[in-house]
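> A structural model of the following input is requested.
(chains A and B)
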Amino acid sequence: MSASTQLHPRTAMHARSRENEGEEAIVRFETHQRIQHFLMMSTFIALALTGLPQRFSELGASQWWVSALGGLESVRTIHRAAGVIMLLDCVYHVGYLFVRIGVQRRFGAFQMIPTPRDVKDAFHMVRFFLGLESEKPRFGRFSYLEKFDYWAVFWGIAVIGGSGVVLMFAVAVTVVLPGQVIPLAMTVHGDEAILAVGWIAVVHMFNAHLAPWVFPFNPAIFTGKLSRERYAEDHPLEFEHLVAPRPPVAVRQPEPRPVVTPRQPEPRPQPPVAELLTETVRPAMADVSEVLTRHSGERPAAANATGMGVLTDET
Amino acid sequence: MEPNPGKHGRAVARRATWGLLAIAGLALLVAACTVAGASAGSGEAAAGNRADGSPAGASTPPAAVRPNDLCIACHGKAGVLKEVVGGTVALEPIDPGAFAASAHGKTPCVQCHTGQSAIPHPGAGKPQAAATIDATAVCSSCHHEAYEGYSHTAHGIVGNLGDSRAPGCTDCHGVHNVNHVRDWKNDQRAEACAHCHEGATGTFAAASIGHREPSPGWFAPSYFAGRFLLVLMASVLAFGILHVELDVLRWGVAKVRILRNPEKDE
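Modelled structure (predicted):
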């Protein structure tokens, strides 16, 4: 993965906040993403609870539930209000992406785009399931299932949201479109919704929360934070990027060193604390050395040899 | 297979693999059956509905059939009074020409207005006038399939869920002027639609799929979209559920293996 896949420096610095128990957690989702997910989740639940009884209206349970909610009229009102909020949430998300990518030039979102690696990972996972592979595939920021989840919502919103709007303004729609679109929208709205509910209730719920190794709850999408252990296990490639020391610009200048000790490849899971320390300290050191250089007229090489060299060699 | 499998470990792994394959096959089978069942179900439904919308099993008229002329002789005239509790009301006259031209023009009056063969009519003067029929029950006695289909339409759903505004048969089809479905022009339908759907036009009325399931020859876009979504649903859910199952099984196998020989598998 290239350097562009790393988190924004601000996020990376922020990532080193500590949780209550003193166990270090890493920020996985920023506030906007959490709000977007919360809106999506709550409207989805409301839509499912008011939509399914309409889809299965012959069932006694549906009829009971609709009357418990105050009759079809109020069920429809809730359904439509939730649908509009969900669509607004999508507008929010698209606007958010536009600002991040188009205005701020932060390209983290591109990691959601499927790549051939995801296909490879999926086959790797199947081999792992069948015992032909001893380790799970190593995922980056998003696993292939997470990408599937995300793009499934995109497809679902287009299909269910589009058909929902058609049904909501049925008479107005027929001014421009042929009448056949109304029954088409009916079919599509209900069928695709069952797929969405089935997927979320079984697959998404399992992978996010109910899997034995996650159970009962994965807080990442709600608190934004994920424990280091979980992160290292679920997103090892991204995790390595997050904790790996990234040399600031000042250090990157090629400097002839008297002794070059090649760094030993470290065992993956837990990088030593000193390494983390180095990363947080380094930018500060770089600033200090720059200031020193400016004021005393020293050569940059000297500054580098004093502070930075020692720290790097110790690790 | 495994990086350092002992003899025992290899046997367990082989057993686990076969187990996983068996479960996976079973899940696929279940998914396939679901799809097949759903297809067969909708196929039957499509075949059961007649294209012209005519009743499939018209029940035989009762023995004591009176000719419609006899009924029309009184009910075709304006000013016929009906006895009700505490007085009389004028009956709305039936237009004999319109009735004769309607889809039910040759249907005996008493087939719908059961029990009215006797003259004077029984039940006259009672609070619930006997000639007022429960349209839905009466219509469905001939139009079984249309009635079945109705409960799956948008209008039927509204009725199923107990909304009082749900249109019954006569709200759209009319009473004595009922049109045969194939003679029912979109503009005429639109009038019926507009009672509830304000501003409904002929294009909107063309949205009426009737009381039938879509088929390749009837609302083909809906039919093929439904098929496509069924296949999509089956394959996506089969993929997702299999993934979950295999995930759990692999986890379980690893757990069992650790329990059996804890020293080997770290």
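> how about the strands of chain B, start to end?
B:81-84, B:87-90 (DSSP state E).
> tell me the most buried of those strands?
strand B:81-84 (a mean of 14; mean count of other Cβ atoms under 10 Å in any protein chain shown). Glycine gets a C-beta too; all of them are placed from N, C-alpha and C.
> helices or strands next to it in the packing?
Judged by 3 or more Cβ pairs under 8 Å, 6 or more residues apart in numbering or on different chains; DSSP states H and E, the packing partners of strand B:81-84 are strand B:87-90.
> Walk me through which strands the strand it packs on pairs with, and which way each runs.
Here strand B:87-90 is paired, per DSSP bridges, with strand B:81-84 (antiparallel).
> Now do the strand it pairs with: distance to the chain's middle.
39 Å (Cα atoms, centre = their mean, to the nearest Å).
> okay, that strand in CSV with CA atoms only?
Output in CSV follows, covering the C-alpha atoms of strand B:81-84 (Å, rounded to 0.1, in the frame of the first residue of the first chain):
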residue,chain,number,x,y,z
LEU,B,81,-90.2,3.6,-2.2
LYS,B,82,-88.6,1.3,0.2
GLU,B,83,-90.0,0.6,3.6
VAL,B,84,-87.5,1.2,6.4
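> pLDDT averaged over that strand, what's the number?
Mean pLDDT, strand B:81-84: 73.
> Then stretch B:256-264?
So the average pLDDT for stretch B:256-264 ends up being 82.
> ditto for stretch A:92-101
Here the average pLDDT along stretch A:92-101 is 96.
> what about that stretch, start to end distance?
14 Å (Cα to Cα, to the nearest Å).
> now stretch B:151-167
So stretch B:151-167: terminal residues 11 Å apart, Cα to Cα.
> Residues contacting it, please?
A:53-54, A:57-58, A:62-63, A:66-67, A:71-73, A:75, A:186, B:149-150, B:168, B:172, B:196, B:209-211, B:213 (Cβ atoms under 8 Å, 6 or more residues apart in numbering or on different chains).
> Filter those down to the buried ones.
Among the contacts of stretch B:151-167, those classed as buried by 16 or more other Cβ atoms under 10 Å in any protein chain shown are A:53-54, A:57, A:62-63, A:66, A:72, A:75, A:186, B:149-150, B:172, B:209-211, B:213.
> Take these and keep only those in helices.
A:53-54, A:62-63, A:66, A:72, A:75, A:186, B:149-150, B:172 (DSSP state H).
> Can you tell me which of the residues you listed lies closest to B:Val80?
Proximity of these to B:Val80 (Cβ to Cβ) peaks at B:Cys172, which lies at 27.6 Å.
> what's the burial count for A:Val99?
A:Val99 has 12 neighbouring residues, counting by other Cβ atoms under 10 Å in any protein chain shown.
> pLDDT weak spots in the stretch 201-315 of chain A?
A:246-315 (pLDDT under 70).
> switch the cut-off to 50
A:251, A:276-281, A:297-315 (pLDDT under 50).
> what's the burial count for B:Gly25?
Neighbour tally, B:Gly25, other Cβ under 10 Å: 10.
> what sits against it?
No contacts exist for B:Gly25 under Cβ under 8 Å, 6+ apart.
> show me where pLDDT drops low in the stretch 101-250 of chain B?
Ranges of the stretch 101-250 of chain B meeting pLDDT under 50: B:130.
> Show me the helices in it, by range?
In the stretch 101-250 of chain B, the segments counted as helices under DSSP state H, counting those that start in this stretch are B:109-112, B:135-142, B:144-150, B:154-160, B:169-173, B:186-194, B:202-205, B:220-260.
> Looking at those helices, which is nearest to A:Asp121?
helix B:220-260 (12.3 Å).
> Does that closest one reach chain A?
Yes. Helix B:220-260 comes into contact with chain A (Cβ under 8 Å from any Cβ of the partner chain), by way of B:221-222, B:225-226, B:229-230, B:232-233, B:236-237, B:240-241, B:243-244, B:246-251, B:253.
> follow-up on the earlier one: any chance of JSON lines for the helices of the stretch 101-250 of chain B, columns distance to A:Gly95?
JSON lines is the format used below for the helices of the stretch 101-250 of chain B (distance: least, Cβ to Cβ, whole Å):
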{"stretch": "helix B:109-112", "distance to A:Gly95": "60"}
{"stretch": "helix B:135-142", "distance to A:Gly95": "50"}
{"stretch": "helix B:144-150", "distance to A:Gly95": "44"}
{"stretch": "helix B:154-160", "distance to A:Gly95": "34"}
{"stretch": "helix B:169-173", "distance to A:Gly95": "44"}
{"stretch": "helix B:186-194", "distance to A:Gly95": "38"}
{"stretch": "helix B:202-205", "distance to A:Gly95": "34"}
{"stretch": "helix B:220-260", "distance to A:Gly95": "29"}
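> Of all those helices, which one comes closest to A:Ser163?
Nearest to A:Ser163 among the helices of the stretch 101-250 of chain B is helix B:220-260 (9.6 Å), distances taken as Cβ to Cβ.
> next one: the closest one to chain centre, how far?
The answer for helix B:220-260 is 30 Å, by Cα atoms, centre = their mean.
> Counting by contacts, list what it packs against.
In this structure, helix B:220-260 makes packing contacts with helix A:116-129, helix A:181-198, helix B:7-48, judged by 3+ Cβ pairs under 8 Å, 6+ apart.
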